[in-house]
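Asks: attaching a predicted model along with its sequence, questions to come.
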Amino acid sequence: MSTGTTKTLTLAKAINEGLRRSLETDPKVLLMGEDIGPLGGVFRVTDGLQKDFGEDRVVDTPLAESGILGTAIGLALRGYRPVCEIQFDGFIFPAYDQITTQLAKMRYRSGGKLQVPVVVRVPYGGGIGAVEHHSESPEALFAHTAGLRVVSPSTPQDAFTMIQEAVASPDPVLFFEPKGRYWEKGEVELGGPGEGAGVLDRARVLRAGTDLTLVAYGPTVATALRVAAAAEQEGRSVEVVDLRSISPLDTATVVESVRRTGRCVVVHEAPTYLGSGAEVAARVTEECFYSLEAPVLRVGGFHTPYPVAKIEHDYLPSLDRVLDAVDRAFAY
């Protein structure tokens, strides 16, 4: 039953509250990661959890991502629900082998007899002025791997709800957290277990429109909403769809929107080349060909390694770059 309590929380604090709820609800849930104990993680997302739940359930690990994931897989096979924190997006690659060759395939390999309910929390994306390996967006690499759920919340409410659903999922989940949005605040309904259930793999329309569909997820959703507001000043009605889930992809929600608007622009921070937006564009083209007034356009990072901090804002999809794509879609 919902408590009816609503609080204004940052996205980081909403994840903290969701993890707290999961730890309270299921004694088999445990957290693992580098400096997540007394420090609360580098972004303080796990602040206070070790103090309240103990060192056996909130475990400070060595600096060894492969070891963290390998241990988590073993724990999951023994009935636990580990939640692993990767300190920064670029540090996930030492664990890439464990994630893609073991975690993703265990259930398939066993014909469904084994489950590995592991959540991998990944602070990702740019906008924080960090050094190399601290601002990457590798979500497409994992979305391409069958057997993994890949999701990203854009609001504190979604962060609170989705992290709990990810922990409860029988499948492994890559939970990409937009660290550039960690400190943005929003209202969060702190209801009982199951409040807002079923959002983990469902897209939603955040802003209704009639002329163009703007598809985004994670860190670029806020940018998309700003673009829609700016376009409105020019007499254009832009609908904003937040994917939430990158794999599986809620094609139906996107297709229903594009069939009404006739135009589609997809935006994400990762490079557009072979990125998640390419899959969205392909599906929209296949399903909405006779409804489209223009080609599906994509806006994202460039096909280069992430740049140094002083020029990262030239790399990230800005308000102006996305508005330019909107203009080009209307020019056809």
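Replies: Arrived safely.
Asks: and the strand or helix carrying residue 19, how far out from the chain's middle?
Replies: Using DSSP states H and E, residue 19 sits in helix 11-25. In this view, helix 11-25 has its centroid 16 Å away from the chain centroid, taken as C-alpha atoms, centre = their mean, to the nearest Å.
Asks: cool, stretch 249-263 as well?
Replies: 20 Å.
Asks: who's in contact with that stretch?
Replies: The contact list for stretch 249-263 (C-beta atoms under 8 Å, 6 or more residues apart in numbering) reads 201-205, 209-213, 215, 239, 241, 243-244, 264, 279-280, 283-284, 287-288, 291-294, 329-330. No exception for glycine: its C-beta is placed from N, CA and C like everyone else's.
Asks: what's the average pLDDT for the helix or strand residue 267 falls within?
Replies: Here residue 267 sits within strand 264-271, counting by DSSP H and E. In this model, strand 264-271 has an average pLDDT of 98.
Asks: would you map the helices across the chain?
Replies: With DSSP state H, the ranges of helices along the chain come out as 11-25, 49-53, 65-77, 96-97, 106-109, 139-143, 156-168, 221-232, 251-261, 276-288, 312-315, 319-331.
Asks: closest to residue 182 out of those helices?
Replies: Closest of the helices of the chain to residue 182 is helix 11-25, at 4.1 Å (criterion: C-beta to C-beta).
Asks: that closest one packs against which elements?
Replies: strand 29-33, helix 49-53, strand 81-85, helix 156-168, strand 173-178, strand 185-189 (3 or more C-beta pairs under 8 Å, 6 or more residues apart in numbering; DSSP states H and E).
Asks: can you do 6 Å?
Replies: Helix 11-25 is packed against helix 156-168, with contacts defined by 3 or more C-beta pairs under 6 Å, 6 or more residues apart in numbering; DSSP states H and E.
Asks: residues contacting the helix it packs on, please?
Replies: Helix 156-168 has contacts (C-beta atoms under 6 Å, 6 or more residues apart in numbering) with 9, 11, 14-15, 17-18, 21-22, 29, 81, 119, 153, 173, 175, 186, 188, 196, 199-200.
Asks: could you turn the buried ones of these into a PyMOL selection?
Replies: Under the burial definition 16 or more other C-beta atoms under 10 Å, those of the contacts of helix 156-168 that qualify are selected in PyMOL by:
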select buried, resi 9+11+14+15+17+18+21+22+29+81+119+153+173+175+186+188+199+200
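Asks: many thanks, we can stop here.
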